[in-house]
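In: Sequence and predicted structure are below.
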Amino acid sequence: MKNILNRKILLLIPLLALFGSTFIVSCDDKELSGGEPVITRIYQLDTIARHRDSTFAAAEPYVLLVISGQNIGGVQRAFFNDYETSFNPNYNTNTELIIRVPAEAPTDATASNMIRLVTPRGEATYGFKIVAKPAIFSYDKIFFGQGRGNITFKGKNFADVVRVTAFREKDSPTEIVKDSIVCEIVSQTADRLVVHIPNNTLSRVTLNFTNSSGTTRATDMFVNADLGSKFFTEDFGTIASPDGDGKWGGDSWGNAVKISTASAYSGASSLEVNLSAGGWSWFGMTSWWPRYYYVSDYKYVVFAIKGGADDFPLWITSSASKAGFAEFNDKNKIEVKANTWNFYKMPIAELDFLYEGSIIQQLGFRPKGPDKSELIYVDDFMLIK
């Protein structure tokens with residue numbers, strides 16, 4: 001039995017050594033003696049103590065900190081920017097307190113940027129900033145331009161956003177972009193930001209959001225609908241070509257294509273199509289004359305589709321498709337998720353239905369099936385530079 005106990009003790013020794021920097025025994029009554037509490041420095045906690053010799057003056061929410069000082073045993077209350085947060089008293093000695101940066105503490109311009117500890121012998125304060133840059137969770141549209149209204153962003157740390165800047169999207173990862181325009185902040189709360197992008201000559205932009213903690217760059221691209229070559233936005237697009245001037249019109253094999261205000265990705269209207277179950281169909285738009293001449297200045301075809309009750313694929317095609325009109329070429333395939341607006345940005349260089357010298361009379365989509373009847377909507381179908 002003695003040998004077994006010895007082996008167990010030997011096994012515990014390396015574990016205690018590994019976690020010795022993490023687990024702190026709570027203080028007893030003797031440790032509570034001393035003068036006024038003082039915070040001397042703050043560092044980030046980890047199991048191998050990489051930050052023990054560092055001093056932190058700022059950190060993001062949820063980071064575990066070690067508050068180090070003298071006479072800070074028996075902490076009763078802890079505050080970040082005057083927001084009281086919880087902590088485990090077992091991880092509090094007379095010289096250290098382990099605590100997590102609270103996500104709920106205020107971070108706007110009114111924040112005190114202070115940590116305050118309340119002990120039986122007094123209070124200690126220390127200058128410390130919670131780094132809370134804007135975080136983008138979602139937005140309601142990707143297009144901006146005349147008549148398209150504002151873009152609403154949902155996220156957090158919006159209350160003190162002071163600037164939103166639109167930069168031209170890079171054409172290559174190494175390109176240095178200076179073209180930009182300052183956007184209008186229409187309204188803001190902690191978790192909701194409404195932005196208006198003014199009229200400009202930038203075809204594709206990315207957005208930077210700046211608050212008191214710094215700047216966050218949104219990862220997605222936003223599109224200037226005013227500069228696109230439009231097939232359909234609020235109405236069918238116009239055509240100006242060597243054949244003359246004209247306009248696209250709705251077309252299909254058996255499923256009516258109509259303009260609807262029942263749903264829209266941006267603006268007020270979209271194309272509504274009710275796909276019949278089991279039908280091998282095609283739908284889109286046609287202009288027999290004048291024909292549409294593709295201009296190679298455009299780099300992407302973009303559009304939005306609101307899915308029906310089920311997920312299903314579509315193939316985009318044109319009368320100039322190299323594989324043949326309405327054929328199922330996998331490079332033209334898209335997946336449509338049910339019951340939501342899906343946005344697509346397809347590089348024209350990777351497709352077979354638009355290319356240098358192509359002349360188009362029909363442009364649209366073909367499903368396989370579908371197995372069930374599907375009511376879908378198509379909006380903001382255009383080419384962008």
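Out: Nice, thanks for sending it over.
In: switch to C-alpha atoms for all contacts and neighbour counts from now on
Out: Will do.
In: what comes up buried for the helix or strand where I259 lies?
Out: Here I259 is covered by strand 257-260, with elements defined by DSSP states H and E. Buried positions in strand 257-260, judged by neighbour count with 16 or more other Cα atoms under 10 Å: 257, 259-260.
In: Looking at those residues, spot the one nearest E184.
Out: S260 (30.4 Å; Cα to Cα).
In: And the pLDDT at the closest one?
Out: pLDDT recorded at S260 is 97.
In: Bridged to it, which residues?
Out: For S260, the beta-bridge partners are S270 (DSSP bridges).
In: Wait, it touches N274, no?
Out: No: applying Cα atoms under 8 Å, one finds S260 not in contact with N274, separated by 11.8 Å.
In: List of residues touching the strand holding I259?
Out: 235, 250-251, 269-274, 283-284 (Cα atoms under 8 Å, 6 or more residues apart in numbering).
In: picking that back up, could you redo the buried residues of strand 257-260 as JSON lines and give each row distance to P37?
Out: Putting the buried residues of strand 257-260 into JSON lines (distance: Cα to Cα, whole Å) gives the following:
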{"residue": "V257", "distance to P37": "75"}
{"residue": "I259", "distance to P37": "71"}
{"residue": "S260", "distance to P37": "69"}
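In: and which of those is nearest G35?
Out: Lowest distance from G35 to these (Cα to Cα) belongs to S260, with 75.0 Å.
In: Distance-wise, check the closest one relative to I316.
Out: S260 sits 21 Å away from I316, going by Cα to Cα, to the nearest Å.
In: Run through this protein and note the low-pLDDT ranges.
Out: Applying pLDDT under 70 to the chain flags the ranges 1-33, 47-53.
In: All the helices of it, residue numbers only.
Out: 2-19 (DSSP state H).
In: Adjacent strands (with direction) for the longest strand anywhere in it?
Out: With secondary structure taken from DSSP state E, the chain has its longest strand at strand 374-384. Strand pairing for strand 374-384, determined by DSSP bridges: strand 229-232 (antiparallel), strand 270-275 (antiparallel), strand 300-306 (antiparallel).
In: And these: which comes nearest E184?
Out: It is, among these and with distance given as Cα to Cα, strand 300-306, at 25.2 Å.
In: Identify the residues contacting the closest one?
Out: Strand 300-306 is contacted from outside by 265, 336-348, 376-385, using Cα under 8 Å, 6+ apart.
In: Buried subset of those residues, written for PyMOL?
Out: Remark: buried members of those, expressed as a PyMOL selection using 16+ other Cα under 10 Å:
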select buried, resi 265+336+337+338+341+342+343+344+346+348+376+377+378+379+380+381+382+383+384+385
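In: how does this structure divide into domains?
Out: Listed domain ranges for the chain are 14-130, 135-224, 228-384 (source: automatic domain parsing).
In: picking that back up, format the strands paired with strand 374-384 as JSON lines; extra columns: mean neighbour count.
Out: Formatted as JSON lines, these follow (neighbours: other Cα atoms under 10 Å):
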{"stretch": "strand 229-232", "mean neighbour count": "22"}
{"stretch": "strand 270-275", "mean neighbour count": "23"}
{"stretch": "strand 300-306", "mean neighbour count": "22"}
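In: Could you dump those into JSON lines with distance to D82 added?
Out: Output for the strands paired with strand 374-384, formatted as JSON lines (distance: least, Cα to Cα, whole Å):
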{"stretch": "strand 229-232", "distance to D82": "53"}
{"stretch": "strand 270-275", "distance to D82": "50"}
{"stretch": "strand 300-306", "distance to D82": "46"}
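In: Go ahead and confirm T238 touches D245.
Out: Yes: the pair T238 / D245 is scored as a contact, 7.4 Å apart, by Cα under 8 Å.
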